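**Q** The following comprises the amino acid sequence and a computationally predicted model.
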Amino acid sequence: MSMSVIGNAESLKEHDPPQDRFLTIQEVCAMLSVCRSSVYSWSRGGQMPNQRKFGKGTARWSRNELMAWIENSPRGAYGEGDGSNAS
């Protein structure tokens, strides 16, 4: 492979969007500061992105989908609090 082709491929990598990553239940809980039961309940109820199954007993959530959901959710939608009880 010539250096110009390699150089072009490397410059394309710089402009590629970040790859999605699939998060474990522990990582999702830490990201949202909630317990496992909340994540599973919200996921089942359609209140957050669905988990994806990668075999028996292996579920993961798309980080990109979760980040988009967080950005588009109203403040307090997942336990942050909306400040309405502030004194």
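**A** Yep, it's here.
**Q** Tell me which stretches of the chain form helices.
**A** Assignment of helices within the chain using DSSP state H yields the ranges 3-15, 25-32, 36-44, 63-72.
**Q** so how many other residues sit close to residue 31?
**A** Around residue 31 there are 16 other residues, counting by other Cβ atoms under 10 Å. In short, each C-beta sits where N, CA and C put it, glycine included.
**Q** er, residue 26 I mean
**A** For residue 26, using other Cβ under 10 Å, the count is 10.
**Q** ditto for residue 71
**A** When neighbours are defined as other Cβ under 10 Å, residue 71 has 7 of them.
**Q** With residue 25 instead?
**A** As a burial measure, residue 25 scores 15 neighbours (other Cβ under 10 Å).
**Q** From what I see, it and residue 39 are in contact.
**A** Yes: look at residue 25 against residue 39 with Cβ atoms under 8 Å: they come within range, at 6.3 Å.
**Q** one step back: compare the mean pLDDT across the helices of the chain and name the weakest.
**A** Mean pLDDT is lowest for helix 3-15 out of these, coming in at a mean of 49.
**Q** helices and strands around the longest strand seen in the chain, which ones?
**A** Looking across the chain with DSSP state E, the single longest strand is strand 59-62. Counting contacts by 3 or more Cβ pairs under 8 Å, 6 or more residues apart in numbering; DSSP states H and E, strand 59-62 packs against strand 22-23, strand 52-53.
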